[in-house]
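J.: with the sequence up front, the predicted model follows.
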Amino acid sequence: MMIIEEVEKIENKLIEIREYFHKYPELSFHEVQTSRKIAEILQELELDEVNTGIAKTGVVGLLCGKETGKTFAIRADMDALPIKEENDVPYKSQNDGVMHACGHDTHITMAIGTAMILSKMRDKLKGNVKFIFQPAEEIGQGAKLMVEEGVMEKVDAIIGLHVWSGLDMGTIGIKAGPAMASAYRFEIIVKAKGGHGAMPHLTADPIVASAQIINALQTIASRSINPLKPIVLSICKINGGSAFNIIPSEVRMEGTIRTLDDEVSAKTLERINSIVSGVAQTMGVECEFNCDANFPLLSNDISMTELIKKAGVAVLGNEKVLDMEPSMGSEDFSYFAGKVPGAIFSLGITDKEKGITSPVHRANFDISPKALSIGVAVLSQAALIYLI
């Protein structure tokens, strides 16, 4: 039986489900209506278990095969972004200022579609399929909380996908090994003795000190890290001052660090500490450096990568399964993949003929609807290969 042929039978239903979730997006840990709808559909499919309220708003469904065996997990994230949608479509967001601009509505749909396909094939499954609908990916908290609450217990392997505008519809891309960067959020607070802008000699200026720090941080990538190892260090937010003629007493900066190597991350944090301390001593100010790891490095397991490639070739043909370059973007799927062999692949959604070209996190983001069927087919095929 050709999986893609079975999926095409539910193509219109997939589009209907996706448009529903796109129309009613919800932010991280507020996916209440989303979770309710997911659970309702999974119960209609008569899955063996449907559990809600996991990691606050997460949903987990379990489909048991006729024979006992391993448990294969499929993960879909659920949350939307605080973006006002600009698309003029019938399924435009009805929640003002909130939009599925990262495609999580499609991830939900494709996981549900996979459950629809596999629930008709229970007799062929030698094991179980666990469907994990995860909240709060956008803020990097949902996967970690689900793991802490035991979602990965008795799971033997896990895969996921992400729609990607960098690939044409009808293709998938994947890479074994480091695939998506670790992500750190950091904050630097510079405190000093402020005063009148006309009498700077009576002050210690946190703005000038902050400028020194920002400039010095840019030398980490160029002078402290092996140039063959990727790193991104960006200051993305800075606040300080209240008037044109007052030197403030405090400046706050926030930024992000992205690397594909944990040793590079450690070296970078060490250098930031050194730079901040050095500027503080030189400029006569006080500096505080705080850092949180939002996402661990995502490294695709070799065996799971090969499984996805095999499934992709079965569905699309060899020429449509592409090798991806690593991304400096981040994904908290890494928390799941840190527990069992796991891999995530990119699903092409760009359709230039239909004008669907926008990158994710944009107010005019959309997908080619045909991509839904392809995603379901690849996910379903991978589960069948693993469990048959």
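T.: Perfect, I can see it now.
J.: which stretches in the stretch 151-300 of the chain count as strands?
T.: Along the stretch 151-300 of the chain, the segments classed as strands by DSSP state E, counting those that start in this stretch run 157-168, 172-174, 177-180, 182-191, 195-196, 231-240, 246-247, 250-259, 286-295, 298-300.
J.: downstream neighbour of the last one in the secondary structure list?
T.: What that stands for is strand 298-300. Using DSSP states H and E, the helix or strand that follows strand 298-300 in sequence is helix 302-316.
J.: that older thread, just name the most buried of the strands of the stretch 151-300 of the chain.
T.: Among these, strand 298-300 has the highest mean neighbour count (mean count of other CB atoms under 10 Å), at a mean of 24. Where you see a C-beta, it was placed from the backbone N, CA and C, and this is true even at glycine.
J.: show the end-to-end separation of stretch 180-200, please.
T.: 46 Å (CA to CA, to the nearest Å).
J.: do stretch 3-20 as well
T.: Using CA to CA, the two ends of stretch 3-20 sit 25 Å apart.
J.: hmm, who's touching that stretch?
T.: With contacts defined as CB atoms under 8 Å, 6 or more residues apart in numbering, stretch 3-20 is touched by 37, 41, 90-91, 105-106, 108-110, 112-113, 116-117, 120, 314-315, 369-370, 372-374, 376-377, 380-381, 384.
J.: got the CA positions of the top helix by length along the chain in CSV?
T.: Determined from DSSP state H, the single longest helix within the chain is helix 262-283. Taking C-alpha atoms only, helix 262-283 is exported to CSV below (Å, rounded to 0.1, in the frame of the first residue of the first chain):
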residue,chain,number,x,y,z
ASP,A,262,29.2,23.1,23.5
GLU,A,263,32.9,23.9,23.9
VAL,A,264,32.5,27.1,21.8
SER,A,265,29.5,28.0,24.1
ALA,A,266,31.6,27.5,27.2
LYS,A,267,34.5,29.5,25.7
THR,A,268,32.2,32.4,24.7
LEU,A,269,30.6,32.6,28.2
GLU,A,270,34.1,32.7,29.7
ARG,A,271,35.2,35.5,27.4
ILE,A,272,32.0,37.6,28.0
ASN,A,273,32.7,37.4,31.7
SER,A,274,36.3,38.5,31.2
ILE,A,275,35.3,41.4,28.9
VAL,A,276,32.5,42.6,31.2
SER,A,277,34.8,42.5,34.3
GLY,A,278,37.6,44.2,32.4
VAL,A,279,35.4,47.1,31.2
ALA,A,280,34.0,47.5,34.7
GLN,A,281,37.4,47.9,36.2
THR,A,282,38.7,50.2,33.5
MET,A,283,35.6,52.4,33.3
